[in-house]
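Q: Sequence first, predicted model second:
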Amino acid sequence: LKTFPNPLEYFYDRTKNVSESYKNHTYIYLANAFARISIDYIKQILNNNNYRFAPSMKQLQEEFQTYHINQNKQSKKKSNDTMSKRLNHRARASMSIPDIPDEIFYKELCYIKHEDEIIGKQ
């Protein structure tokens with residue numbers, strides 16, 4: 001909170017431009033975290049969110065969670081929804097994290113992992 005007095009506004013601002021290093025970290029992290037979702041779809045989400053990590057992560061989490069909830073409701077039925085078409089049958093191999101860390105990306109990653117706690121302190 002000292003570094004980012006309003007982290008919600010800072011990390012979810014899609015208008016802010018980011019470095020190539022940040023974009024690369026974001027892409028690799030999301031590709032590894034959502035290894036069954038197609039690379040093309042992850043790139044589409046990133047483009048829609050101006051390569052911002054927090055809104056992209058949130059969107060993928062919500063869509064993936066909704067998919068699993070719907071799958072549980074239709075456990076015996078064949079699903080034809082768009083998310084199932086975006087899923088690969090098997091997870092792809094993990095990509096290597098860049099050698100040079102991007103400080104803003106890692107601060108944002110920490111924020112995302114502790115968002116509920118941080119929002120509670122505001």
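A: Yes, it's here. Residues are numbered from 1 along each chain as shown.
Q: can you give me the helices for this structure?
A: Listed in chain order, the helices of the chain (DSSP state H) span 7-11, 20-33, 39-48, 53-73, 82-86, 103-113, 115-121.
Q: Comparing those helices by mean pLDDT, which bottoms out?
A: Sorting these by mean pLDDT places helix 82-86 lowest, at a mean of 58.
Q: Enumerate every residue touching the residue most central in space within the chain.
A: By CA atoms, centre = their mean, the mean C-alpha position of the chain lies nearest to residue 57, the distance being 2.0 Å. Counting by CB atoms under 8 Å, 6 or more residues apart in numbering, residue 57 touches 30, 33, 112. For the C-beta atoms, the positions are set from N, CA and C on the backbone; glycine is no exception.
Q: let's see it at 6 Å
A: Taking CB atoms under 6 Å, 6 or more residues apart in numbering as the contact definition, residue 57 lies against residue 112.
Q: Against residue 99, how distant is residue 54?
A: As for residue 54, its distance to residue 99 is 24 Å (criterion: CB to CB, to the nearest Å).
Q: More neighbours: the two, which one.
A: Shown here are residue 54 and residue 99; by other CB atoms under 10 Å, residue 54 has more neighbours (21 against 5).
Q: pretty sure that one contacts residue 12?
A: Yes: between residue 54 and residue 12 there is a contact under CB atoms under 6 Å: 5.3 Å.
Q: Spatially nearest residue to residue 96, not counting backbone neighbours?
A: Spatial nearest neighbour of residue 96, excluding adjacent residues (CB to CB, 6 or more residues apart in numbering): residue 28 at 7.5 Å.
Q: burial count for that neighbour?
A: Residue 28 has 16 neighbouring residues, counting by other CB under 10 Å.
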